[in-house]
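Trainee: below is the sequence, then the predicted model.
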Amino acid sequence: MKAATTFALSVLALLPFVSAHGYVSQVTIDGTSYKGNTPGSSSVKSAIRMIADVSPVKGATNQYLSCGQNAQKAATVATASPGSKVSFKWSAITGGNWFHNVGPLMTYMASCGTAGCTSFNSSAARWFKIAQAGLQSDGTWAQAALLTGAPATVSLPSNIAPGEYLIRHEIIALHTAMTSGGAEFYPSCTQLKIGGSKTGTPNATVSFPGAYKDTDAGILVDVYDLVGSYVFPGPAISNLSGKTSVASSNSTTTASDSDSETSSASETVSSTSTESASASSVSISTSATASTSTTTEDDCEDEADAEPTQLSRRFSRVMRAVL
Ligand SMILES: [Cu+2]
């Protein structure tokens, strides 16, 4: 009887992991929504580049770091304007919510050039970073709010020149990042056509792969024993940031102040129930510890072992800070 109960609990505990990894299922721009294809499918004529599977991209030199696992060019472009609000809805492959809760959210853009995004190869993209969000003042990560099903929202640069652009929204999950190669990258690209008559262009760009190293302080990191503040990988926020305020009286000083730039170009996840989402993930991973030591279907199997241990370490760190 006891064994049967344990077995039943084990099966239940495995379910969240089967559905853990996800993709951008919908992008909403100023209230207009664009659906994405589930990985491996092409049923929707979409502006979101479909990935082949939801497993994490591993390694800073991985060719799929640009737009995700074997991402395919999308059929359409989504319409946007300078300053548009763009929301990314991450869903699990089975339709549930995003699962991981530690690590940053970052957003980059790249011009698709005169030929446009439907034929643009992302390996040639010259990316600039428009927004990032990491560890928040309450000790949770911006990523954790995705567990509630809330989308991540960024503003496009208010002075960006018209044309077609890829917008690359990226989750990095850091729960196993304390060993080299452990960080999980989840990039997603959406094809945009930006109108207007602004003239802003980025003054520096990077490539993917190329912008990250496996040894970067924000990629090889024990987030459960973080010393000092989290260091975002990749370039600083571009001069074309998500909340550039052209006429602002203090814009000349913030231009050289990376802290101010970072905070002025942060991503938001509109959610009020972050704590309960984190709490439920704790109980899920704890109950899974005893049962997932053999084989599971993806390379995240050690998360079940890792997360409770790390959470307890983090808890003790918090307690040390309190006492
Ligand atoms: Cu994972």
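Mentor: Perfect, I can see it now.

Trainee: tell me, how many residues neighbour Leu105?
Mentor: 26 (other CB atoms under 10 Å). Every residue, glycine included, has its C-beta placed from N, CA and C.

Trainee: measure it to Leu226 for me?
Mentor: Look at Leu105 and Leu226: by CB to CB, to the nearest Å, they are 17 Å apart.

Trainee: likewise for Lys198?
Mentor: Lys198 is 38 Å from Leu226, by CB to CB.

Trainee: repeat that for Ala92.
Mentor: 27 Å.

Trainee: neighbour count for those two, which is higher?
Mentor: Using other CB under 10 Å, the more surrounded residue of Ala92 and Leu226 is Ala92, with 18 against 15.

Trainee: pretty sure that one sits against Val24.
Mentor: No - using CB atoms under 8 Å as the test, Ala92 is too far from Val24 to be in contact (11.8 Å).

Trainee: test my guess that Ala80 contacts Ile194.
Mentor: Yes - taking CB under 8 Å as the definition, Ala80 is a contact partner of Ile194 at 5.0 Å.

Trainee: okay, and the common contacts of those two?
Mentor: Leu156 (CB atoms under 8 Å, 6 or more residues apart in numbering).

Trainee: how about stretch 144-163: buried residues?
Mentor: Neighbour counts using 16 or more other CB atoms under 10 Å place 144-148, 150-161, 163 of stretch 144-163 among the buried residues.

Trainee: the ion next: which of these are close?
Mentor: On the criterion CB under 5 Å from the ion, none of the entries of the buried residues of stretch 144-163 sits beside the ion.

Trainee: contacting residues around Asn37?
Mentor: Ser43, Val44, Ser46, Ile48, Met50.

Trainee: what's the closest of the residues you listed to the ion?
Mentor: Met50 (19.6 Å; CB to the ion).

Trainee: hmm, back to that, give me the subset of the contacts of Asn37 touching the ion.
Mentor: Residues of the contacts of Asn37 in contact with the ion (CB under 5 Å from the ion): none.

Trainee: residues near the residue lying closest to Ala177 once chain neighbours are set aside, how many?
Mentor: Closest residue in space to Ala177, ignoring its immediate chain neighbours: Ala183 at 4.2 Å, by CB to CB, 6 or more residues apart in numbering. If you count neighbours by other CB under 10 Å, Ala183 ends up with 28.

Trainee: what do you get for Asn121?
Mentor: 11.

Trainee: gap between it and the ion?
Mentor: 27 Å (CB to the ion, to the nearest Å).

Trainee: dump the residue contacts of whichever residue of the stretch 51-200 of the chain sits closest to the ion.
Mentor: Going by CB to the ion, the ion is nearest to Glu184 of the stretch 51-200 of the chain, at 4.9 Å. For Glu184, the contacting residues are Pro56, Val57, Lys58, His100, Gly103, Ile172, Ala173, Leu174, Thr176, Cys300, by CB under 8 Å, 6+ apart.

Trainee: and which of those residues is nearest Ala74?
Mentor: Of all those, Val57 has the smallest distance to Ala74: 18.3 Å, by CB to CB.

Trainee: what sits closest to the closest one if chain neighbours are left out?
Mentor: Phe185 (4.2 Å).

Trainee: any low-confidence regions in this structure?
Mentor: Where the chain drops to pLDDT under 70, the residues are 1-20, 243-264, 270-323.

Trainee: okay, helices next: where are they in it?
Mentor: For the chain, applying DSSP state H gives helices covering 2-18, 251-254, 258-264, 274-288, 303-322.

Trainee: how many residues are close by the residue nearest to Asn37 when sequence neighbours are not counted?
Mentor: In space, and not counting its chain neighbours, Asn37 is closest to Met50: 4.2 Å by CB to CB, 6+ apart. Neighbourhood size, Met50 [other CB under 10 Å]: 27.

Trainee: please look at Met50 and Ser25 and confirm they touch.
Mentor: No - contact between Met50 and Ser25 fails when scored by CB under 8 Å: they sit 10.8 Å apart.

Trainee: who touches both of those two?
Mentor: Joint contacts of Met50 and Ser25 (CB under 8 Å, 6+ apart) are Gly36, Thr38.

Trainee: count of residues packed around Ala78?
Mentor: Applying other CB under 10 Å, I find that Ala78 has 23 neighbouring residues.

Trainee: just give the closest residue to it, not the sequence neighbours.
Mentor: Ala47 is the one closest to Ala78 (CB to CB, 6+ apart), at 4.0 Å.
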